[in-house]
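S.K.: Output the structure for:
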Amino acid sequence: MAGLKANFLWRTNKVFIRCYSVSANSEDYQFLQRSKLYTYHFQQSLPRLAVPNLHDTCRRYLAAQEPLLNPEEYTKTVQLTKEFENGVGQKFHQELMDRDSRDKDTSYISEPWFDMYLRDRQSILLNYNPFMAFVDDPKPEYNRQDIRATNFLISALRFMKSLRSELLEPEVYHMDPSKSNTDRYKKIMKFQPYFIATYVSYLFKAYPLDMSQFPSLFNSTRIPSTGKDLLFKDESAKHILIMRNGHFFVFDALDKDGYILPPNEIYSCIKYITSLDLPSSQHPIGVLTSENRDRWATLREKLLSLGNEEQIRLIDSAFFNLVLDDDKMEDDPVKIVRSFLHGDGDNRWFDKSFSLILSKEGKAAINFEHSWGDGVAVMRFFNEIYKDSTENPKVHPHEEAVANIDPSKHVKRLDLNIDDEIKHAITLAQKKFDDATGALGVNILESDVFGKNFCKKNRVSPDAMMQLGFQVAFHRQYGKTVATYESCSTSAFFKGRTETIRPATKYTKEFSKTINGGKGNSADLIQLLKDCSAYHGQLTKEAAMGQGFDRHLFAMKYYCQSDVRQELPGIFTDPAYSKINHNILSTSTLSSPAVLIGGFAPVVRDGFGIGYGITNNDLGAVVTSYPPNRDGAGFVEALKAAYNDIYNVIKSGSAK
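M.R.: Just a heads-up that it's a prediction; the model follows:
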């Protein structure tokens, strides 16, 4: 039987069991996919992210400012924006264009965006790291922590090897998968030269996406350094990092030839760690990763000076961090959010590119560090390992962890040398952690008032209706319209990152005022709602095409500030610029059948962090806040009312 080997196990006083498993060295086991197209087939022909036209940027900026400012403020902002557009802005824009044309191996936003993340000295806890939780395995018995952790780990390694061997399917957005995500499409694409492949794909309404961030998923970490952090990667490493109760363990998950270890050997190592009688660490070093970045940089240097170079190297270079928690969620969504967004701090290492976290009963999530990349790479990985681990599990609940290795020798525990200074630093970090996470409020919205199907049937955008709900709810609660941020990927372009959609518009403001004021008849409201949907759709398309205004202005300001001889133009010192970048409503959508729930903290103390999703028949959101600055529970109640109102408006329009 090709690719199979027989394993014979004798169970004392029981039956003789013969079971077959895929050979550990077979390609079926080693690789998650064997794509007909090389992984980076489209990468060389991806269009570059264009620097937007200066006039268009200024026009879009003013349109976004209008609903946020009073007439006097808006008049001043118009004046400063026009002065910038017709004056020094032309110089900065041209310098940005020249810089972009000289460096064709990146995008114009790449350096400023990396710098923004890596220079920020705030803790990355809550301020940057988001989470996404997996739906449970549909087979309940496979949700056991050791079983699910093993299957996830094997699927992750299969994904990694497929990526590195360029056997992973290229990331392509298919407008109509039934017509383009086909063998015919792949055969045609296979014979297209690299330099035109993307443009041929467009003919099928299939849009290849940038994959430059994918390699940074593995063997990588953010390293604290005074003033500006560093991103580190070591693809030669073969080990996985596992944390339990604040303790660190590593073991090689690949053999000396680079093959993934057999499932039973990986399972035996996981089982060994989960079965240890392991009290919580008295001095959990992981909590230091939640510190201020300069403070953490100093403490890391101290740890290195105490003879921990090898231990730190093994943490930094591991494939990723597999976190095994001893707590249970009990299907409580607030517990799920708190555990996966921050946990207790002791059993976390927030610097790793991502941590795969599993609770005692097998709830699972990814918490990821944001500087190295964005949602496209993480979501692809998330979806693939969920699908593979649930549909093609390599270890099973009825099997025993029998292996050809002694896990007590294969698994290495990392004990770090610490002194009184480090012990004191850990105590202080724990106090700061508790204060920060204790101040965070978490509220959950779950509603079946409508879903995607209802929106599409009535020809309005589901995302526009979700965003309209946020605007109506905030206006109802606080009586005003505020700066709102919705992230949009620009991965259709070479080394694109994100652009901002600005969902607070003159249309949403007028709709909010009308419906919350009890004014307007149904005809007026349905027209306003349609205007909101159409304009939001326009903004979304512009952002996805790299034609927003936020990144363009950000890049010009960044390079202006890097020149000490240059005075900052009035457009950037205008209070209105600070106001629109003080994003009180920070939002991001999560769209995948594999996602149970996801979220992040507010980006400002007086804001809301809103991770939301809309499925065919229902909608939901994780709302975070910092009481008493904002009332999260009150906002969720206002949201429920807002979506009911939106439903009634749409329904009234469809009845005519």
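
S.K.: ok, now which ones touch the spatially closest residue to Tyr577 that is not a sequence neighbour?
M.R.: The shortest distance from Tyr577 to any non-neighbouring residue, by C-beta to C-beta, 6 or more residues apart in numbering, is to Ile571 (6.3 Å). C-beta here means a position set from N, CA and C on the backbone, and glycine is covered the same way. Taking C-beta atoms under 8 Å, 6 or more residues apart in numbering, we find Ile571 in contact with 80-81, 83-84, 89, 553, 577.

S.K.: next one: Val337
M.R.: 131, 442, 444, 597, 599, 622, 624.

S.K.: JSON lines for the residues you listed, including distance to Leu322 and secondary structure?
M.R.: Formatted as JSON lines, these follow (distance: C-beta to C-beta, whole Å; DSSP: H, G, I helix; E, B strand; the rest coil):
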{"residue": "Phe131", "distance to Leu322": "15", "secondary structure": "strand"}
{"residue": "Val442", "distance to Leu322": "25", "secondary structure": "strand"}
{"residue": "Ile444", "distance to Leu322": "27", "secondary structure": "strand"}
{"residue": "Ile597", "distance to Leu322": "20", "secondary structure": "strand"}
{"residue": "Gly599", "distance to Leu322": "22", "secondary structure": "strand"}
{"residue": "Val622", "distance to Leu322": "24", "secondary structure": "strand"}
{"residue": "Thr624", "distance to Leu322": "26", "secondary structure": "strand"}
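
S.K.: These: which two are farthest apart?
M.R.: For those, the farthest-apart pair by C-beta to C-beta is Phe131 and Ile444; their separation is 14.2 Å.

S.K.: Which pLDDT does the model give the spatially most central residue of the chain?
M.R.: Centroid-nearest residue in the chain, with C-alpha atoms, centre = their mean: Gly375, separated by 4.2 Å. Gly375 is assigned a pLDDT of 90 by the prediction.

S.K.: Ser489 is in contact with that one, correct?
M.R.: Yes. Contact status for Gly375 versus Ser489: in contact at 6.5 Å, counting by C-beta atoms under 8 Å.

S.K.: circling back: look up how far Met175 lies from the residue nearest to Tyr577.
M.R.: Separation of Ile571 from Met175 (C-beta to C-beta, to the nearest Å): 37 Å.

S.K.: Now Leu596, what are its backbone angles?
M.R.: For Leu596, the backbone dihedrals are phi -80, psi -50 (criterion: degrees, to the nearest 10).

S.K.: quick one: the host helix or strand of Asn367 to chain centroid distance?
M.R.: Following DSSP states H and E, one finds Asn367 within strand 364-368. The chain centre lies 9 Å from the centre of strand 364-368; the measure is C-alpha atoms, centre = their mean, to the nearest Å.

S.K.: helices or strands next to it in the packing?
M.R.: When contacts are defined as 3 or more C-beta pairs under 8 Å, 6 or more residues apart in numbering; DSSP states H and E, strand 364-368 sits against strand 131-134, helix 333-341, strand 354-358, helix 375-391.

S.K.: who wins for proximity to Tyr194 among those?
M.R.: Per C-beta to C-beta, nearest to Tyr194 of the helices and strands packed on strand 364-368: helix 375-391, 20.6 Å.

S.K.: residues making contact with that closest one?
M.R.: 32, 132, 134-135, 137-139, 142, 148, 151-152, 154-156, 158-159, 171, 209-211, 213-214, 216-217, 354, 366, 368, 487, 489, 491, 588, 592, 594-595.

S.K.: where's Lys506 relative to Pro575, distance?
M.R.: Taking C-beta to C-beta, one finds Lys506 at 20 Å from Pro575.

S.K.: quick one: which of those two has more around it?
M.R.: Lys506 (15 against 11; other C-beta atoms under 10 Å).

S.K.: how far away is the more buried one from Asn53?
M.R.: 22 Å.

S.K.: And the average pLDDT for stretch 523-541 is what?
M.R.: What stretch 523-541 shows for mean pLDDT is 97.

S.K.: actually stretch 354-362, sorry about that
M.R.: 97.

S.K.: distance between the ends of it?
M.R.: End-to-end distance of stretch 354-362 (C-alpha to C-alpha, to the nearest Å): 18 Å.

S.K.: and Gln477, what helix or strand is that in?
M.R.: Counting by DSSP H and E, Gln477 is found in helix 462-478.

S.K.: returning to what we had before: please save the CA atoms from the strand holding Asn367 in PDB.
M.R.: Presented in PDB, the C-alpha positions along strand 364-368 are these (Å, rounded to 0.1, in the frame of the first residue of the first chain):
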ATOM      1  CA  ALA A 364      -8.800  27.800  20.500                       C
ATOM      2  CA  ALA A 365      -7.700  31.200  19.100                       C
ATOM      3  CA  ILE A 366      -4.900  33.000  17.400                       C
ATOM      4  CA  ASN A 367      -3.500  36.200  19.100                       C
ATOM      5  CA  PHE A 368      -1.100  37.900  16.800                       C
END
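
S.K.: What pairs with it, parallel or antiparallel?
M.R.: Using DSSP bridges, strand 364-368 pairs in its sheet with strand 131-134 (antiparallel), strand 354-358 (antiparallel).

S.K.: any chance of these in TSV, plus mean neighbour count and distance to Ile315?
M.R.: Shown next, in TSV, are these (neighbours: other C-beta atoms under 10 Å; distance: least, C-beta to C-beta, whole Å):
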stretch	mean neighbour count	distance to Ile315
strand 131-134	26	20
strand 354-358	25	12
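
S.K.: between those strands, which one is nearest to Lys651?
M.R.: Here strand 131-134 is closest among these (C-beta to C-beta), at 32.6 Å.

S.K.: which other residues reach the closest one?
M.R.: For strand 131-134, the surrounding residues in contact (C-beta under 8 Å, 6+ apart) are 336-337, 340-341, 357, 363-368, 378-379, 382, 386, 590, 594-600.

S.K.: any idea of the mean pLDDT for it?
M.R.: Mean per-residue pLDDT for strand 131-134: 98.
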